[in-house]
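> coords please:
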Amino acid sequence: MASNYGAEQIQVLEGLEPVRKRPGMYIGSTGPRGLHHLVYEVVDNSVDEALAGYCTRIEVSLNADGSATVIDDGRGIPTDVHPQTGKSALETVLTVLHAGGKFGGGGYKVSGGLHGVGVSVVNALSEWVEVTVWRDRKTHQQRFERGIPIGELAVSDSGRDRTGTAITFKPDNTIFVNTGIEFDYDTLAGRLRELAYLNGGVDIVFTDNRLELIKASEPRVSRYHYEGGIKEYVQYINNDKQPVHEEIVYVQGEKDGVQVEVALQWCIDAYSDNLLGFANNIRTIDGGTHLEGLKTVLTRTLNTFARKRNKRKDNEPNLSGENIREGLTAVISVKVPEPEFEGQTKTKLGNTEVRGIVDTLVGETLTEYLDFHPSVVDTILEKAIQAFNAAEAAKRARELVRRKSVLESSTLPGKLADCSSRDPSESEIFIVEGDSAGGSAKQGRDRRFQAILPLRGKILNIEKTDDARIYKNTEIQALITALGLGIKGEEFDESQLRYHRICLMTDADVDGAHIRTLLLTFFYRYQRALIDQGFVYIACPPLYKIERGRNHWYCYSDRERDAVLRDFPANANYGIQRFKGLGEMMPQQLWDTTMNPESRTLKRVEIEDAAEADRIFTVLMGDRVAPRREFIETYGPKLDLEDLDI
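Predicted structure coming up:
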């Protein structure tokens, strides 16, 4: 170890070097999410041109060589010499961190890119980037390799008035080592669709030219163009639900430079709310002042109407926000000139002034709309009052349960085998099906930090169940108390959560998959923050054990099994055991393969596209049969039936 620690040991990273050294700081990770983030950074610049009113069409293409191209018809990146750097503005934007037209200076009023790292980070993390700018009747071209400009900016006459920017980049496979550099069409399509909804009128064309990969003779092309903007977004989310009012309530306004757009629609057959918040086109997963303002104004306005229309007597309490929002789908999109995001990943809006602006603008329009549509307000209020009564009934049921359990020594469910650690951050709970699997898991676990909760049979599908029934169900009661979850609809309190890793461990058969789906539906609808904040995991038990002589191998898929067998000589003598259920595994086997942190595989449950997730839960787990049948008829033929474990 070097003891002479002097000035020469201090490293100064210049230019784009810090990005290549610590890519995760700039794009979140070097996994699939970070890879797709590169495309979003380039597309966001084009969308900012659209927000400024200069761009109407954006073309995104995935090319056969692994590169991606984004073309827009905006003003084009400036190409004149920058006074500070002495290089062209184009080269400055691509090679200097925190250089851009979004830090004041009149280039843009609002923008999604805030940290000023945008396109320079894409340049730093790409094997090569080629930029073409059409501007002032000229074509400007320049190539960069791993962030370094190759040659000067080449300028030629275009002979026409075309303006815009084209950026083609190929991610560097020395940075994205584990994932390879293969873009996922559906992931990108979800974000591009979202952007088209949030910026009504912008035309986004998405083409996949990787013919070999998609096994097609023609490129796959999707076009996203929604004149109705977020109104059409709400319509898309509620496509398979039954709305209370056909017309979507739409609010649009501007105050103190902040633009606010809100679309609202209540549905009869939904028992939870779905609020999507966006600030400068960035989805604010952790909420923020715009969502707080919206919740406040909805609660106040509808309580006022409840009194005005004699739905609540003077001596009756106000309806809570959760009651009023039951069955509501809302999209709120704000454009803020000087956004304050909490955290580098920009998932919570912090501007305090936005709360009041949303409150004022939405309050005026909503009151006016409801005044003119008394039948709509009556239906919404009746649904809210039903929710209020159900919540009261559920509260009484819960208190009854608590009173019962006070007679026993603990309020925790009797079948929970708890861990000895009291630190939630190191504790984990395995939710297993049935007592036989529970027995193996209890014997095989590490008691210090692993708890086991066996569930009997299949839990309720809470997608189509009201609150009072949820709380009367024994298995769900056990889940709520064991995990330390609050009441459905209340703000999630992380400090009450008893385990920071909730692992679903079910059998590798159809019933196991069904139970896992029911549990995921429960977490998604009852306390979605658990999934949003990454507390829910799926354990991966092995499917096969192959024994040959004294050696054995655990295989987690048919492909792994075939790979192991391929290595055996033709006349090899071996045995294969297929695990149909966890109860068939010895406690030591279960520990080695599925529960030991050193050797197990856990899949974290994440939601990339919240609107799509909500729609899929409604279609597959909801009351209505027709949308589910249509879904199965559409996607059924695409399944490889050999992959199904029936």
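> mind checking how far residue 173 is from residue 128?
Here the distance between residue 173 and residue 128 works out to 12 Å (C-beta to C-beta, to the nearest Å). From N, CA and C alone the C-beta is placed, and that goes for glycine too.
> between those two, who's got more neighbours?
Comparing residue 173 with residue 128 by other C-beta atoms under 10 Å, the one with more neighbours is residue 128, at 16 against 12.
> Average pLDDT for stretch 484-500, rounded please.
Averaging pLDDT along stretch 484-500 yields 81.
> which stretches of the stretch 251-400 of the chain have low pLDDT?
Screening the stretch 251-400 of the chain residue by residue with the criterion pLDDT under 70, one finds the ranges 343-346, 397-400.
> could you show me where the strands are in it, in order?
For the stretch 251-400 of the chain, strands defined by DSSP state E, counting those that start in this stretch occupy the ranges 258-266, 274-279, 282-283, 328-335.
> What ranges does the stretch 51-200 of the chain have for its strands?
Using DSSP E, counting those that start in this stretch, the strands of the stretch 51-200 of the chain run over residues 57-62, 68-72, 126-135, 138-145, 148-157, 164-171.
> pretty sure residue 594 is touching residue 539, no?
Yes: look at residue 594 against residue 539 with C-beta atoms under 8 Å: they come within range, at 5.2 Å.
> Adding distance to residue 140 and mean neighbour count, write the strands of the stretch 251-400 of the chain out as CSV.
Formatted as CSV, the entries for the strands of the stretch 251-400 of the chain read as follows, by distance: least, C-beta to C-beta, whole Å; neighbours: other C-beta atoms under 10 Å:
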stretch, distance to residue 140, mean neighbour count
strand 258-266, 32, 23
strand 274-279, 33, 24
strand 282-283, 30, 19
strand 328-335, 30, 25
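> out of those, which comes closest to residue 37?
With C-beta to C-beta as the criterion, residue 37 lies closest to strand 282-283 of these, at 11.9 Å.
> Now do the closest one: distance to the chain's middle.
Centroid displacement of strand 282-283 relative to its chain, using C-alpha atoms, centre = their mean, to the nearest Å, is 10 Å.
> What strands line up against that strand, and which way round?
Here the strand partners of strand 282-283, with direction, are listed using DSSP bridges: strand 274-279 (antiparallel).
> if we can go back for a sec, compare the mean pLDDT across the strands of the stretch 51-200 of the chain and name the weakest.
Of all those, strand 148-157 carries the lowest average pLDDT, namely a mean of 90.
> what sits in contact with each of residue 594 and residue 539?
Shared contacts of residue 594 and residue 539, defined by C-beta atoms under 8 Å, 6 or more residues apart in numbering, are found at 505, 600.
> ok, the nearest residue to residue 568 once chain neighbours are set aside to residue 580 distance?
Distance criterion C-beta to C-beta, 6 or more residues apart in numbering; nearest residue to residue 568, sequence neighbours excluded, is residue 574 at 6.3 Å. For residue 574, the distance to residue 580 equals 20 Å [C-beta to C-beta].
> before we move on, what about residue 310?
On the measure of C-beta to C-beta, residue 310 and residue 580 end up 60 Å apart.
> who has more neighbours, the two?
Using other C-beta under 10 Å as the criterion, residue 310 and residue 580 rank with residue 580 on top: 13 against 7.
> Burial check on the residue lying closest to the more buried one once chain neighbours are set aside, number of neighbours?
If you skip the residues right next to it in sequence, residue 580 has residue 509 as its closest partner in space, 6.0 Å away by C-beta to C-beta, 6+ apart. The local packing of residue 509 (other C-beta under 10 Å) involves 14 other residues.
> Test my guess that residue 509 contacts residue 579.
No: in this structure residue 509 lies outside contact range of residue 579 using C-beta under 8 Å: 9.8 Å.
> give me phi/psi at the residue nearest to residue 580?
With angles defined as degrees, to the nearest 10, residue 509 sits at phi -130, psi -170.
> residues in contact with the closest residue to residue 484 other than its chain neighbours?
When the adjacent residues along the chain are set aside, residue 484 lies closest to residue 498, with 4.1 Å between them (C-beta to C-beta, 6+ apart). With contact set as C-beta under 8 Å, 6+ apart, residue 498 has these partners: 424, 427, 429, 482-484.
> Residue 134 and residue 166: what is the separation?
For residue 134, the distance to residue 166 under the criterion C-beta to C-beta works out to 8 Å.
> Same check on residue 18?
Going from residue 18 to residue 166 by C-beta to C-beta gives 27 Å.
> now do residue 269
Counting by C-beta to C-beta - residue 269 and residue 166 are separated by 46 Å.
> tell me the domain boundaries of the chain?
With automatic domain parsing as the criterion, the domains of the chain are listed as 17-224, 230-385, 412-541+579-607.
> distance between the shortest one and the chain's centre?
Domain 230-385 has its average C-alpha position 21 Å from the chain's average C-alpha position, going by C-alpha atoms, centre = their mean.
> now swap in stretch 200-210 and tell me
The chain centroid and the centroid of stretch 200-210 are separated by 21 Å under C-alpha atoms, centre = their mean.
> Check stretch 565-585 too.
Relative to where its chain is centred, stretch 565-585 has its mean C-alpha point 38 Å off (C-alpha atoms, centre = their mean).
> which residues sit against it?
Around stretch 565-585, the neighbours that count as contacts under C-beta under 8 Å, 6+ apart are 432-434, 436-437, 439-441, 505-509, 512, 541-548, 561, 590, 593-594.
> Just the buried residues out of the residues you listed, in ChimeraX syntax.
ChimeraX command restricting the contacts of stretch 565-585 to the buried ones, with burial defined by 16 or more other C-beta atoms under 10 Å:
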select :432,433,434,437,439,440,441,505,506,507,508,512,541,542,543,544,545,546,561,590,593,594
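> I'd like the list of the contacts of stretch 565-585 that fall within strands, please.
Using DSSP state E, the members of the contacts of stretch 565-585 that fall within strands are 432-433, 505, 544-548.
> So among the residues you listed, where is pLDDT lowest?
By pLDDT, residue 433 ranks lowest within the ones in strands among the contacts of stretch 565-585, coming in at 87.
> Tell me what that one is bridged to.
Each beta-bridge partner of residue 433 is listed here, defined by DSSP bridges: residue 455.
> contacting residues for residue 194?
If you count contacts by C-beta under 8 Å, 6+ apart, residue 194 has them with 233, 283, 609, 611.
> Okay, the closest residue to the first one other than its chain neighbours and residue 512: tell me how far apart.
Think residue 233. Closest residue to residue 233 apart from its sequence neighbours, by C-beta to C-beta, 6+ apart: residue 197 at 3.9 Å. Taking C-beta to C-beta as the criterion, residue 197 is separated from residue 512 by 36 Å.
> returning to what we had before: using TSV, please lay out the strands of the stretch 51-200 of the chain together with distance to residue 26.
Below are the strands of the stretch 51-200 of the chain laid out as TSV (distance: least, C-beta to C-beta, whole Å):
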stretch	distance to residue 26
strand 57-62	21
strand 68-72	18
strand 126-135	13
strand 138-145	17
strand 148-157	18
strand 164-171	13
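> all strands of the stretch 501-646 of the chain, in order?
According to DSSP E, counting those that start in this stretch, the strands that the stretch 501-646 of the chain contains are 501-505, 536-539, 544-548, 551-555, 575-578, 602-604.
> Just say helix, strand or coil for the residue nearest to residue 484.
Residue 498 falls in the coil class when you classify it by DSSP: H, G, I helix; E, B strand; the rest coil.
> Torsion angles phi and psi at it?
In this entry, residue 498 is assigned phi and psi values of phi -90, psi -20 (degrees, to the nearest 10).
> For residue 159, see how far away it is.
Here the criterion is C-beta to C-beta. By it, residue 498 lies 70 Å from residue 159.
> can you pull out the helices in the stretch 501-646 of the chain?
Along the stretch 501-646 of the chain, the stretches classed as helices by DSSP state H, counting those that start in this stretch are 510-526, 529-532, 558-566, 587-590, 610-621, 625-635.
> mean pLDDT lowest for which of the ones you listed?
Here the lowest mean pLDDT among the helices of the stretch 501-646 of the chain goes to helix 610-621, at a mean of 82.
> What residue in the protein is the furthest from its centre?
Checked against the mean C-alpha position of the chain, the extreme residue using C-alpha atoms, centre = their mean is residue 571, at a distance of 49.9 Å.
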